[in-house]
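Chemist: Pasting the sequence and the predicted coordinates here, then a few questions.
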Amino acid sequence: MLNVGAITEGFVLDHIQAGTSLSLYYDLKLDQLDCCVAIIKNARSNKMGKKDILKVECDIDALDLDVLGFIDHNITVNIIKGEKIVEKKVLKLPQEIKNVIRCCNPRCITSIEQELDQIFLLTDPSTQTYRCKYCEEKYKSHKLP
């Protein structure tokens, strides 16, 4: 039996699709934080069969919930204080994401104006479709560049 100790203050990302926690670790830029991070891969789950879990011992403000909601809005965010869960955040698809993904249209203004923010808007929540704010090019994949 694997035993990962409790964290005093921080957050736990639960119900991560099995095998994706390491890419999520880099997408959320957790590698740039100076704090303790535990990555648990392929844990048993009644709900999912197998799942990954990330335990991070730092302030929740270090986490961009919009990026996390864009990557996978089914992840559960548990906020820990005093070794107890004090709040559970439910993620949703963000209406707008800024500077997370890039427009692939070579004629888009963002290709010419490099300092312009890359802004994508949620145009169809049922299909999780995002489109460029400037040229309306559809974003093709939920994998971050």
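Modeler: Arrived safely.

Chemist: what kind of secondary structure is the residue of the chain most remote from its centre in?
Modeler: Relative to the mean C-alpha coordinate of the chain, counting by Cα atoms, centre = their mean, the farthest residue is Arg107 (28.9 Å). Per DSSP: H, G, I helix; E, B strand; the rest coil, the local secondary structure of Arg107 is coil.

Chemist: Quick one: neighbours of Arg44, just the number.
Modeler: The number of residues packed near Arg44 is 8, by other Cβ atoms under 10 Å. In short, each C-beta sits where N, CA and C put it, glycine included.

Chemist: which residues does the residue nearest the centre of the chain contact?
Modeler: The chain has Leu68 as the residue nearest its centroid, 2.0 Å off, counting by Cα atoms, centre = their mean. By Cβ atoms under 8 Å, 6 or more residues apart in numbering, the contact list for Leu68 reads 13, 28, 75, 77, 91.

Chemist: Surely it is in a strand?
Modeler: No - according to three-state DSSP, Leu68 belongs to no strand; its state is helix.

Chemist: beta partners for the residue nearest to Tyr139 when sequence neighbours are not counted?
Modeler: Leaving out its chain neighbours, the residue that sits closest to Tyr139 by Cβ to Cβ, 6 or more residues apart in numbering is Tyr130, at 4.3 Å. Beta bridges link Tyr130 to Leu122, judged by DSSP bridges.

Chemist: Many thanks, we can stop here.
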